[in-house]
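Chemist: okay, sequence plus prediction incoming.
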Amino acid sequence: MGDGTNGTIYSIIEYNGKIYAGGSFTSAGAVVANHFAAWNGSVWENISDGLDGTVYALANTDSSIFIGGDFENSAGGNADN
């Protein structure tokens, strides 16, 4: 998947045609992706500012992605709980 990530991926899911990865990385391919990124089939995409700690689990429903891990806030400062 492109250049991959600069750290470990602990969880990966498919959601709405993209592959989402969570882990201990801070970049995916050429983008800053703090612990959470999406592969669109061609390139990695960051998800907003990411998270401030490691993502260990991802799960999805038809309308949502759930993220579990050792984080308190998104990297942009918004609470995720």
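Modeler: That came through, no problem.
Chemist: pLDDT score for Asp2?
Modeler: One thing to correct before we go on: residue 2 is Gly, not Asp. Confidence at Gly2, expressed as pLDDT, is 83.
Chemist: let's verify it: helix, strand, or coil?
Modeler: coil (DSSP: H, G, I helix; E, B strand; the rest coil).
Chemist: give me the neighbour count for the closest residue to it other than its chain neighbours.
Modeler: Once flanking residues are discounted, Gly2 sits nearest to Gly29: 4.3 Å by CB to CB, 6 or more residues apart in numbering. To be clear about C-beta, it is placed using only N, CA and C from the backbone, and glycine gets the same treatment. For Gly29, the neighbour count with other CB atoms under 10 Å is 18.
Chemist: these two touch, right, Gly29 and Asn6?
Modeler: No. With contact defined as CB atoms under 8 Å, Gly29 does not reach Asn6; the gap is 9.7 Å.
Chemist: okay, which residue is most central for the chain?
Modeler: Phe36 (1.5 Å; CA atoms, centre = their mean).
Chemist: tell me what it is bridged to.
Modeler: Under the criterion DSSP bridges, Phe36 forms beta bridges with Gly22.
Chemist: give me the contact list for the helix or strand hosting Ile67.
Modeler: Using DSSP states H and E, Ile67 sits in strand 65-70. The contact list for strand 65-70, computed with CB atoms under 8 Å, 6 or more residues apart in numbering, reads 10, 13, 15, 20, 22, 35-36, 51, 53-60, 80.
Chemist: pLDDT weak spots in the chain?
Modeler: 74-81 (pLDDT under 70).
Chemist: those strands in it, which residues are they?
Modeler: Assigned by DSSP state E, the chain shows strands spanning 9-15, 18-23, 27-28, 31-32, 36-39, 44-46, 54-60, 65-70.
Chemist: now stretch 51-65: buried residues?
Modeler: For stretch 51-65, the neighbour count (16 or more other CB atoms under 10 Å) marks 51-52, 54-56, 58, 65 as buried.
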